[in-house]
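> Below: sequence and its predicted model.
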Amino acid sequence: MLIFLVGFMGSGKTTLGRPLATRLNYDFIDLDRAIETGEGRTISEIFATDGEAHFRALERKYLEEVIAQHKKAVISTGGGTPCFNENMPFMNAHGVTVYLKIAPRMLANRLLAAKVRRPLVEGKSPEELLRYIEETLTERETYYGQANVVVGNPSRDVSQLLMILEPYLSNN
Ligand code: S3P
């Protein structure tokens with residue numbers, strides 16, 4: 001079984017994905033880190049040198065590779081992964097997708113506190129960041145909403161996710 005965690009930047013895909021994989025005894029893959037390792041460059045460098053369109057093509061390529069190489073895995077996708085290159089139906093065809101749904105203000109607070117560099121939000125003031133999140137989230141909801149499971153305000157304890165995923169896990 002492949003479990004894809006999707007959601008906006010700062011929604012906790014990696015924070016929850018790692019312990020979820022541990023509890024299930026599954027592999028854990030962070031798609032952004034897989035791209036960085038494979039390309040030998042950070043996401044910020046890829047955006048700065050080759051632009052977003054190139055990053056989106058890489059994102060699709062690595063998604064295909066990860067799917068081909070793993071049978072039991074939790075995959076934390078990038079915030080934009082579901083919204084490009086028909087990636088959402090592609091992920092739905094290969095496993096269960098879980099949307100971690102968080103309100104814009106909470107996302108903004110988390111992103112302001114985060115140390116990881118994210119090219120799409122870097123350099124924004126708190127007000128600009130909140131506006132960017134609200135606008136982008138409105139566009140992205142169409143894609144995120146195609147997830148098999150939507151978890152609003154996910155608990156930090158992965159037991160909740162494990163319980164929600166139980167029907168999918170027992171069938172596979
Ligand atoms: C992006 C989110 C990032 C990363 C890239 C673009 C986006 O991943 O893939 O900076 O378009 O929302 P995280 O959601 O893991 O920060």
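Arrived safely, thanks for sending. The structure presented is a predicted model; accordingly, all values stated were derived computationally and were not measured.
> tell me which residues in the top helix by length along the chain are buried?
The residue-count maximum for a helix in the chain (DSSP state H) belongs to helix 43-69. Across helix 43-69, burial judged by 16 or more other CB atoms under 10 Å covers 43, 46, 47, 55, 56, 58, 59, 60, 62, 63, 66, 67. Heads up, the C-betas are built off the backbone N, CA and C, glycines and all.
> Next, the contact list for the residue nearest to the spatial centre of the chain, please.
The residue lying closest to the centre of the chain (CA atoms, centre = their mean) is residue 77, at 3.1 Å. With contact taken as CB atoms under 8 Å, 6 or more residues apart in numbering, residue 77 is in contact with 4, 5, 6, 13, 31, 63, 87, 91.
> What is the nearest of those residues to the ligand?
Distance to the ligand, by CB to the nearest ligand atom, is smallest for residue 13 among the contacts of residue 77, at 5.9 Å.
> Check the closest one and give its pLDDT.
Note for residue 13: predicted pLDDT of 97.
> tally of neighbours for it?
28 (other CB atoms under 10 Å).
> Just say helix, strand or coil for residue 169.
helix (DSSP: H, G, I helix; E, B strand; the rest coil).
> quick one: the strands in this protein?
Using DSSP state E, the strands of the chain run over residues 2-6, 27-30, 73-76, 96-101, 149-152.
> want to throw these into CSV with distance to the ligand and mean pLDDT?
Output for the strands of the chain, formatted as CSV (distance: least, CB to the nearest ligand atom, whole Å; pLDDT from 0 to 100):
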stretch, distance to the ligand, mean pLDDT
strand 2-6, 9, 98
strand 27-30, 7, 98
strand 73-76, 7, 98
strand 96-101, 10, 98
strand 149-152, 16, 97
